[in-house]
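Trainee: No letters, just coordinates:
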């Protein structure tokens, strides 16, 4: 068994409340700094300033704990995965995969929007059964960061997208 599988199997997934927002914001920043090099620093700061007040309270939060400390989280609204972030020190250890598997199975997640420039995330979701079904030129706040709209089609090889122009 690999080290990442050992870590993923020891992670406890649980709900989170407002008292944990500061730690979740720190996880978000760590993950974004490590994976979102396309995102301008000013935009990172702006988004971070709104996380605890405008984003986290509006999703069902699921936290991954390792050795009693939060190391990742997912935010769900209906069938949509609104956010999934893992602390940079724990990337590649199966924590994100565990969180995604949990919210797909337990929360009924079927859709996710991903920054097109975040090729790691696009590949992550594709390998786990999501396909691109649409694209928006701007993010939800009107910033010039194209968004790919992805839908869960189940495990296995990725089927053909409805429109081949939508594939990355």
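Mentor: That came through fine. Keep in mind that this is a model prediction, so the values were computed, not measured.
Trainee: Identify the single longest strand in this protein, thanks.
Mentor: For the chain, the longest strand by residue count, based on DSSP state E, is strand 69-77.
Trainee: what's residue 28 in contact with, if anything?
Mentor: By CB atoms under 8 Å, 6 or more residues apart in numbering, the contact set of residue 28 is 48, 51, 83, 85. For the C-beta atoms, the positions are set from N, CA and C on the backbone; glycine is no exception.
Trainee: Just checking the distance from the longest strand of the chain to the centre of its chain.
Mentor: Averaging C-alpha positions (CA atoms, centre = their mean, to the nearest Å) puts strand 69-77 9 Å from its chain's average.
Trainee: go on, stretch 39-52?
Mentor: Mean-position distance between stretch 39-52 and its chain equals 16 Å (CA atoms, centre = their mean).
Trainee: Just the buried positions in that stretch, please.
Mentor: Neighbour counts over stretch 39-52 (16 or more other CB atoms under 10 Å) mark 39, 43, 47, 51, 52 as buried.
Trainee: Please apply the same query to stretch 71-91.
Mentor: Residues of stretch 71-91 classed as buried under the neighbour-count rule (16+ other CB under 10 Å) are 71-76, 80-87, 90-91.
Trainee: what's the average pLDDT for it?
Mentor: The pLDDT scores in stretch 71-91 average 97.
Trainee: Contacts for it, please.
Mentor: By CB under 8 Å, 6+ apart, the residues outside stretch 71-91 that reach it are 7, 11, 16, 24, 26-28, 30-35, 55-56, 58-66, 93, 95-96, 99-100, 102-103, 107-113.
Trainee: For that stretch, measure first residue to last.
Mentor: One end of stretch 71-91 sits 9 Å from the other (CA to CA, to the nearest Å).
Trainee: Begin at 894 from now on, thanks
Mentor: Noted, 894 is the first residue going forward, which turns the last one into stretch 964-984.
Trainee: mind checking how far the nearest residue to residue 994 once chain neighbours are set aside is from residue 973?
Mentor: The spatial neighbour of residue 994 that comes closest, neighbours along the chain excluded (CB to CB, 6 or more residues apart in numbering), is residue 1021 at 7.9 Å. Using CB to CB, to the nearest Å, residue 1021 is found at 16 Å from residue 973.
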